[in-house]
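Novice: Would you be able to build a 3D model of this:
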Amino acid sequence: MVSMRDVARLCGVSVSTVSKALNDYSDIGEETKKKIRETAKAAGYMTNASLRAMKSNRSWSLGVLFHDEAHSGLTHDFFAAVLEGFRQNAELRGYDITFINNRIAERKMSYYEYCKFRGVDGVLIACVDFYDPDVQSLIQSSIPVVTIDHVFDNRIAVVSDNVNGMASLVDYVCKMGHTKLAYIHGERTSVTRSRLGSFYRSAAEHGVEIPEAYIRSSEFRDTSSARRITSELLSLPDPPTCIFYPDDYAAAGGMHAIRERHLRIPDDISIVGYDGIMLNRVMELKVTTLRQDADGMGKTAAEQLVNLVEKPRTTMVEHIIVPGTIVEGESVKKLN
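Specialist: Just a heads-up that it's a prediction; the model follows:
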């Protein structure tokens with residue numbers, strides 16, 4: 001078998017130069033890199049990763065299926081943090097990351113076909129339409145899968161504690177004396193169902209009744225919609241004293257509507273967000289929010305997926321709930 005030392009001898013360079021060239025180090029000239037790579041290929045040299053893949057019958061690659069309706073990609077603060085935690089932990093365990101789509105050049109294919117084509121050992125699925133038949137086909141396949149924030153009976157799921165997270169926000173707002181609570185919730189997903197149910201239950205536990213007019217629906221991360229609905233809520237004959245938003249981006253949209261009316265936060269109207277993203281930490285007015293442990297969710301998902309790949313017989317299918325933390329800002333007025 002051809003070694004790196006053999007390639008170095010054929011090229012008349014040191015072993016360290018061959019290593020740097022094959023790993024694309026910037027201190028090696030492009031012509032030298034090209035010569036070394038062509039020589040290595042012609043001689044039949046195989047990288048450690050290739051040898052490892054042959055010996056283990058694995059690709060040492062994990063797929064990531066990530067596609068949100070807003071097409072925000074890796075600018076999606078929360079899921080970008082989840083994926084970064086996933087990447088870090090996966091790489092520590094020796095795995096590369098491949099993003100999954102449904103097209104190779106001009107050829108369209110299913111997510112399952114793409115995974116087989118790329119030969120990934122397992123897939124993380126996050127922020128997609130989980131009811132899409134194409135996604136369902138992947139879920140029901142033999143490929144190891146871990147999902148983020150959506151539960152299937154036969155798959156490992158890592159979910160944020162949306163029930164207790166929302167409960168802690170409602171508890172905080174009610175203890176600040178508010179009884180007129182409005183909620184602009186996200187689109188109908190399992191996350192929304194958990195949060196909305198918890199919102200109603202927690203309010204009831206505090207003896208607070210929620211008028212139907214106070215509950216409105218919007219897309220996640222939609223500042224324009226949140227802005228419009230906030231204005232509508234403030235126009236009600238009996239407006240709320242505190243508005244809950246589906247995420248911190250939406251809360252920023254609501255803040256615009258409030259300021260357009262020359263109202264002050266929290267003196268005239270209180271608001272709370274959700275997610276605890278970096279945006280909220282750098283804003284002039286810090287919004288009270290629920291900070292989700294995105295990094296912890298990603299790292300946990302990587303650990304579970306690698307276990308599924310490497311120890312399929314002993315890894316249990318479970319639903320792992322990751323708690324969040326309430327962050328007290330300056331956006332909720334104390335009424336009592």
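Novice: which regions of this structure sit below the pLDDT cut-off?
Specialist: Low-confidence segments of the chain (pLDDT under 70): 1-2, 46-58, 68-75, 103-106, 278-282.
Novice: As a check, name the ranges of all helices in the stretch 201-336 of the chain.
Specialist: 223-234, 248-260, 278-282, 294-310 (DSSP state H, counting those that start in this stretch).
Novice: Residues contacting the first one from elsewhere in the structure, which ones?
Specialist: Right, the one you point to is helix 223-234. Contact with helix 223-234 is made by 182, 184, 214, 216, 218-219, 239-240, 243, 245-246, 249-254, 256-258, 260-261, 263, 269, as judged by Cβ atoms under 8 Å, 6 or more residues apart in numbering. C-beta: built from backbone N, CA, C; applies to glycine.
Novice: again, 7 Å this time
Specialist: 182, 184, 216, 218-219, 239-240, 243, 245, 249-250, 252-254, 256-258, 261, 269 (Cβ atoms under 7 Å, 6 or more residues apart in numbering).
Novice: The second one too?
Specialist: Contacts to helix 248-260, defined as Cβ under 7 Å, 6+ apart, come from residues 184, 218, 221-224, 226-227, 230-231, 243, 245, 265, 269, 271, 273-275, 277, 279-280, 287, 289.
Novice: hang on, Thr98 in a strand?
Specialist: Yes. Judged by DSSP: H, G, I helix; E, B strand; the rest coil, Thr98 forms part of a strand.
Novice: quick one on the thing from earlier: could you flag which of the contacts of helix 248-260 are buried?
Specialist: With burial judged by 16 or more other Cβ atoms under 10 Å, the buried subset of the contacts of helix 248-260 is 184, 218, 221-223, 226-227, 230, 243, 245, 265, 269, 271, 273-275, 277, 279-280, 287, 289.
Novice: Out of the residues you listed, list just those in strands.
Specialist: Ile184, Ile243, Ile271, Thr289 (DSSP state E).
Novice: Next, format the residues you listed as JSON lines and append distance to Thr314.
Specialist: Formatted as JSON lines, those follow (distance: Cβ to Cβ, whole Å):
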{"residue": "Ile184", "distance to Thr314": "44"}
{"residue": "Ile243", "distance to Thr314": "48"}
{"residue": "Ile271", "distance to Thr314": "47"}
{"residue": "Thr289", "distance to Thr314": "39"}
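Novice: Just the closest of the residues you listed to Tyr112, please.
Specialist: Ile184 (36.3 Å; Cβ to Cβ).
Novice: hey, what's Leu62 bridged with?
Specialist: Ile97, Gly122 (DSSP bridges).
Novice: residues contacting it?
Specialist: So Leu62 contacts Ala90, Tyr95, Ile97, Val120, Asp121, Gly122, Leu124, Leu305 (Cβ under 7 Å, 6+ apart).
Novice: could the residues you listed be laid out in JSON lines, adding distance to Asp153 and neighbour count?
Specialist: Below are the contacts of Leu62 laid out as JSON lines (distance: Cβ to Cβ, whole Å; neighbours: other Cβ atoms under 10 Å):
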{"residue": "Ala90", "distance to Asp153": "25", "neighbour count": "25"}
{"residue": "Tyr95", "distance to Asp153": "26", "neighbour count": "23"}
{"residue": "Ile97", "distance to Asp153": "27", "neighbour count": "16"}
{"residue": "Val120", "distance to Asp153": "23", "neighbour count": "25"}
{"residue": "Asp121", "distance to Asp153": "23", "neighbour count": "22"}
{"residue": "Gly122", "distance to Asp153": "18", "neighbour count": "25"}
{"residue": "Leu124", "distance to Asp153": "18", "neighbour count": "28"}
{"residue": "Leu305", "distance to Asp153": "18", "neighbour count": "27"}
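Novice: Thanks a lot, catch you later.
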